[in-house]
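**Q** Sequence first, predicted model second:
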Amino acid sequence: MRKSNSLLAHVDWPLLASFFVLLFFGIATVYSVSFSEEHPNVFSLSEKYGKQMIWLGISLFLGLIIFLIDASIYVKYALLFYSATVVMLIVVLFMPPINGARAWIGIGSMGIQPAEFAKISTSLLLAKYISELIIKQQTIKTVLYAVGILFIPSILVAAQPDAGTLIVFSSFLFVLYREGLTFDPIILRLLNLFRGLKFKSTWIGSHFIPVLFVFLLLFAVTLKLNDSLFELWFFPNIKINGVLFIVLILATLSILSIVFFRVFSTKRDRPKILLVIILGFLILSSLVFLVNTSFNHLAKHQKNRIELVLGMKEDPNGNDYNRNRAMAAVGSGGLTGKGYKKASVSSVRSNHVPESETDFIFCPFAEEWGFGGSIVLILVYLFMVLRILFIAERQRSVFIRVYAYCVAMILFYHFAINIGMNIGLAPVIGIPLPFFSYGGSSVISFSIMIFLLLKLDSNRMDVLR
Amino acid sequence: MNLENRKYVIIAFILFIASVYAFRLFYMQVIDDTWVLRAQEIAEKRKEVVPPRGIILDRNGKKVVSNKTYYNLMMVEEKFGRLDTIAFAKLINWSPLEVRKRFEEIKEKEGYYVNKRTNKKTSNYQKSRAYPFLKELSLDEITKIALKLDEFPGFYEEVASMRNYPFSNSANILGYLNEATREEIDLDRYYKPGSNLGRSGIERYYEKELRGRKGIKYVVTSATNNALESYANGKYDTTAQQGQSLTLGLDVLLQEYGEKLMQNKRGCIVAIEPSTGEILCLVSSPSYDPNLLVGRKSISLNYPQLLKMEGLPLFPRPLQSEYPPGSIFKLVQSLIGLQEGVIQNNSSFVCNKGLVGCHNHPTAQSVSEAVQYSCNPYFYAVTKKIIQQQKSKNINADAEIGLNLWHKYMASFGLGIKLGTDISGEKPGLIPNSIYYDKWYGKNNWSFSTISSNSIGQGEVKLTPLQMANIAVIIANKGWYYAPHFVKSIGGKGPHKKFTVKNITMVEQKNFDPVVEGMRRVVNEAGGTGKLARLADIVVCGKTGTVQNPHGEDHSCFIAFAPMINPKICVAVFVENAGAGGTWAAPIASLIIEKYLKQTVNPEREKSILEKHINYVKGP
């Protein structure tokens, strides 16, 4: 193994630069939103910005340490690290709940959130596992093991309960997709259980991300039409509800495709095609029903949030309070914003937007810097994520590439959901905006993620695995 | 399969989301005006409306605490701009110097903290917060000022209501309000600087119910005339809700009478309705007019004086004074003895003055007679039998077992523990157990003879007058009680749930009969010590107590209930340094009973009580 001479030789400066830019704007925004006249110093420990400065300091210090440790250590101890975080995730379930969730070990501000570290350790273990696979030879077990690595922390996080982090774990699916893990063997096995079907290969299991998108679209439409009633033009007196309407549409499409394939396929294939189409229809319909029923069984507040985002309900002073006020803050920024420290709607002082230093930190930023500032911020985040993807693709080592994809997707999820929440396009889920939201756990864990990546990437010339 | 190309799928997805967001932001921030307008209205003009506090009524629906409306002139320094101090001073009829001093005073009041870095004292005062500049103005005063308020941005009027006590009594029950402290404001965001909250009594215990719910008004500066108008016709406003009204079990006229009877004396009267545990009156003497502690001005004037006044009128004797109960304690001893089976109804003991001193009376040949004559040696014997039941050969170990059993009985009577009434600050009294005496004398180094004074209500035992009245309740009910409480109903929905729980004592109903008979004889038969409580047309049952006081004259104590069948009122009267229980406490008790049951009293009996004036030695 040829080691690089200087630790800093191959550090990816663009990524590091975007990291510092975000950090800087982040602390500036926290400072402005919780500004207190009596403690104008940004290092004031009694104020949130002072505390944030401490955590920034700790993050940079940890980053330095990560850099000094040999990169192969991370590969070697991935499983150990993963197991340790799983243990922590179990232990945390026995801690007293704070705000209804058992997410902390330790005392209040001197504690850690295992979920944050679980994201990192899962990325590392997944990277290690995939790097040891031979992609072209996959069995059912391959993808099951990968899903298993994701499943264990996910279910522990869901038990806390922490819906936000659970959703972030789904970002790993993108990584599986990019690395070519496929559900095909499973799907093949299931399909071939039916008599008359003897498929040798299928593409559904390997192109599962686009397939999932189609499903998600279907589900969104289902939910949106959940409560609506439809009249059929040829049966004017019968009203059917949204779910049945969708099923009816699916049925029509199925029949049309049967007819279509009848014309255009060979006799031999017809029974197979018929079976597949019928199966497809049944599966989709039952999924639609399932989504509908489980939606109605969701906890009230979760149901509310989804309904509000899909525009099915309006409740500006009650359940929609956060979202409504947040959008007012963002929207009032105008083209150029109101100016630094002049966020009148979303500052902590005026108290209209709750959580404006944490989940809704985008609001004061958008209010102060307007559309111009908001676009710049989105571009910086976009740049960071794309740069990480670029870094991923230039790796010789599968391990580093997988890890990089994990980091990119986790970051993307956070920024997409958090900003989406602030502008009314995503349901209100409590996850922080990386490097911006006030909170030690989040800043430290994202910084660790980035520095790990920088370190691994700087060793890309060495052949690891 | 070319996996590398999959990155394009992912990149496309990311770019798609980013552009959707960009378009959305463009729409929200640049094109759509709704949000700008909404933000303006929401952020700048949100006014809180403080509702009037819940009123408090007595059991007959008479208003005991009501609200009077006052006005405050509020200020927010941040909005002053360039304040013309001279013109402003002229408007409110002050000198400019006084105005400036008032600003200083407001800053001072907020307190300071030390900035750790610069080591400078910095104020908690904030320019962006609203503070009251002038408080408690009348309608006329504020009207004159309000007309010109346009010229002074940063000032506005606020309606406030203050408490008013039409009957000028019951101060210890009702409590008073004053301004929330810094800590309280930080703890509960409902309170702002200048908010009033209940500081003692009912006002404090039921603060959350009485304060109601604030309303929110959104107002907008109209384009034409600079006045404040309701935004969107009040569509987003929420109305303030007045606090719930409380109905007390108190009979305010009875309370008034009781305070009158106790004037020039120190002590208490506690009256409870046995079937519900509602407190009919609670007199602490000396007391004070609650209207003296309404509003910042009055409180700062009157409170220091009341604090130091002789007799300590602010001290709520019925709940916090722990006195030795004296002979009324014998009632409980009888009940325990009967229940334990160590005596029967017709047990007889010689009045052996060698054991403990006693006055002259016929030999008590039954429990009822013992109560009637209040024979000390009798109860010495009874208590000895309870405590030394020979469950152990060793006399000390036996006493330990007996005393702890006796203690359990006492606790079931609500003695030695807090009764849990709905005013804070109640004391539990003292009923010793074996651990207590072990500390004093050494483990197992004591027996009944060491602690025998407790048998007649002297020694270490101590009760509060509330507990004394509660004993009368238990006997009137023959074996149970509801925790005595003041509030009969919150907002018309009944009392707090814990006051609907029946507390059943360890003594069975049948064992109460001889004691009740004894109490009847105390008042209505020859040789009874409570003759002065007798009423012609109502059968009063009572028990006297003469409590020895090492510092001066004995205290006079009497508990009673009436009528004997279906009792409606239980009373405990305690008069400090007044001598024998039968002489002063008993007649006061019967006057209270008569007043409550008949609404009128015999004026002759009343006269001597009203004229009595006890010379109190300096000190409590």
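**A** Right, received. Where do you want to start? Please read these numbers as outputs of a predicted model, since none were measured by experiment.

**Q** Every contact and neighbour count from this point should use C-alpha atoms.
**A** Noted.

**Q** B:N60 reaches B:D251, doesn't it?
**A** Yes: using Cα atoms under 8 Å, B:N60 and B:D251 qualify as a contacting pair, with a distance of 7.0 Å.

**Q** Please say which of the two ends up with more neighbours.
**A** For B:N60 and B:D251, the more surrounded residue by other Cα atoms under 10 Å in any protein chain shown is B:D251, and the numbers stand at 21 against 13.

**Q** Going by neighbour count, list what's buried in stretch A:213-226.
**A** Residues of stretch A:213-226 classed as buried by neighbour count (16 or more other Cα atoms under 10 Å in any protein chain shown): A:L218, A:F219, A:A220, A:V221, A:T222, A:L223, A:K224, A:L225, A:N226.

**Q** hang on, I meant stretch A:378-397
**A** For stretch A:378-397, burial by neighbour count (16+ other Cα under 10 Å) applies to A:378, A:380-382, A:384-389, A:391-393, A:395, A:397.

**Q** nearest to A:R268, of the buried residues of stretch A:213-226?
**A** Checking the buried residues of stretch A:213-226 against A:R268 by Cα to Cα gives A:L218 as the nearest, at 31.9 Å.

**Q** Give me the pLDDT for the closest one.
**A** In this model, A:L218 is scored at 81, pLDDT.

**Q** quick one: the nearest residue to it once chain neighbours are set aside and A:L225, what's the gap?
**A** Counting by Cα to Cα, 6 or more residues apart in numbering or on different chains, the nearest residue to A:L218 once its immediate chain neighbours are dropped is A:V288, at 7.8 Å. With the distance defined as Cα to Cα, to the nearest Å, A:V288 ends up 11 Å from A:L225.

**Q** Mutual contacts of the two, please.
**A** Common neighbours of A:V288 and A:L225 (criterion: Cα atoms under 8 Å, 6 or more residues apart in numbering or on different chains): A:V243.

**Q** Show me the subset of the buried residues of stretch A:378-397 that also lies near chain B.
**A** A:I378, A:L382, A:L386 (Cα under 8 Å from any Cα of the partner chain).

**Q** ok, the last one to A:L176 distance?
**A** Taking Cα to Cα as the criterion, A:L386 is separated from A:L176 by 18 Å.

**Q** cool, and B:K502?
**A** 66 Å.

**Q** what's the answer for A:R102, then?
**A** Taking Cα to Cα as the measure, A:R102 and A:L176 are separated by 29 Å.

**Q** How about B:P495?
**A** Applying Cα to Cα, one obtains 63 Å for the distance of B:P495 from A:L176.

**Q** Compare neighbour counts for those two and give me the winner.
**A** Set B:P495 next to A:L176 and count neighbours by other Cα under 10 Å: A:L176 wins out with 22 against 19.

**Q** State the distance from A:F295 to B:R296.
**A** A:F295 sits 56 Å away from B:R296 when distances are taken as Cα to Cα.

**Q** typo on my end, it should be A:V247
**A** Using Cα to Cα, A:V247 is found at 71 Å from B:R296.

**Q** A:P185 now?
**A** Looking at A:P185 against B:R296, where the rule is Cα to Cα, the gap reads 81 Å.

**Q** higher neighbour count, the two?
**A** Neighbour totals were compared for A:P185 and B:R296, and A:P185 leads with 20 against 15 (other Cα under 10 Å).

**Q** what's the helix or strand for that one?
**A** Secondary-structure element containing A:P185, defined by DSSP states H and E: helix A:184-191.

**Q** Same question for B:F558.
**A** Following DSSP H and E, the helix or strand that holds B:F558 is strand B:555-562.

**Q** got the buried residues for the helix or strand just after that strand?
**A** Once the chain leaves strand B:555-562, the next helix or strand it forms, by DSSP H and E, is strand B:569-575. When neighbours are counted by 16+ other Cα under 10 Å, the buried residues of strand B:569-575 are found to be B:I569, B:C570, B:V571, B:A572, B:V573, B:F574, B:V575.

**Q** What of stretch A:134-147?
**A** Of the residues in stretch A:134-147, those buried (16+ other Cα under 10 Å) are A:Q138, A:T142, A:V143, A:L144, A:A146.

**Q** CA atoms only for stretch B:485-498, dumped as CSV, please.
**A** Only the C-alpha atoms of stretch B:485-498 are listed here, as CSV (Å, rounded to 0.1, in the frame of the first residue of the first chain):
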residue,chain,number,x,y,z
HIS,B,485,-62.2,21.9,51.5
PHE,B,486,-63.3,25.3,50.6
VAL,B,487,-64.4,25.1,47.0
LYS,B,488,-67.7,23.5,46.6
SER,B,489,-67.8,23.7,42.8
ILE,B,490,-65.4,24.8,40.1
GLY,B,491,-67.3,26.4,37.2
GLY,B,492,-70.5,24.6,38.2
LYS,B,493,-68.9,21.2,37.8
GLY,B,494,-68.5,20.2,41.3
PRO,B,495,-65.4,20.1,43.5
HIS,B,496,-62.0,18.7,42.8
LYS,B,497,-62.2,14.9,42.5
LYS,B,498,-60.1,14.2,45.6
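
**Q** what does it contact?
**A** Contacts of stretch B:485-498 from elsewhere in the structure, counted by Cα under 8 Å, 6+ apart, are B:59, B:209, B:244-250, B:277-280, B:421-422, B:499.

**Q** Likewise for stretch B:390-409?
**A** For stretch B:390-409, the surrounding residues in contact (Cα under 8 Å, 6+ apart) are B:336, B:386-389, B:431-434, B:444-448, B:505-506.

**Q** Filter these down to the ones in helices?
**A** Cross-referencing the contacts of stretch B:390-409 with the helices (criterion: DSSP state H) gives B:I336, B:I386, B:I387, B:S434 as the overlap.

**Q** Among these, which one lies nearest to chain A?
**A** Distance to chain A across the ones in helices among the contacts of stretch B:390-409 (Cα to the nearest Cα) is lowest for B:S434, with 38.9 Å.
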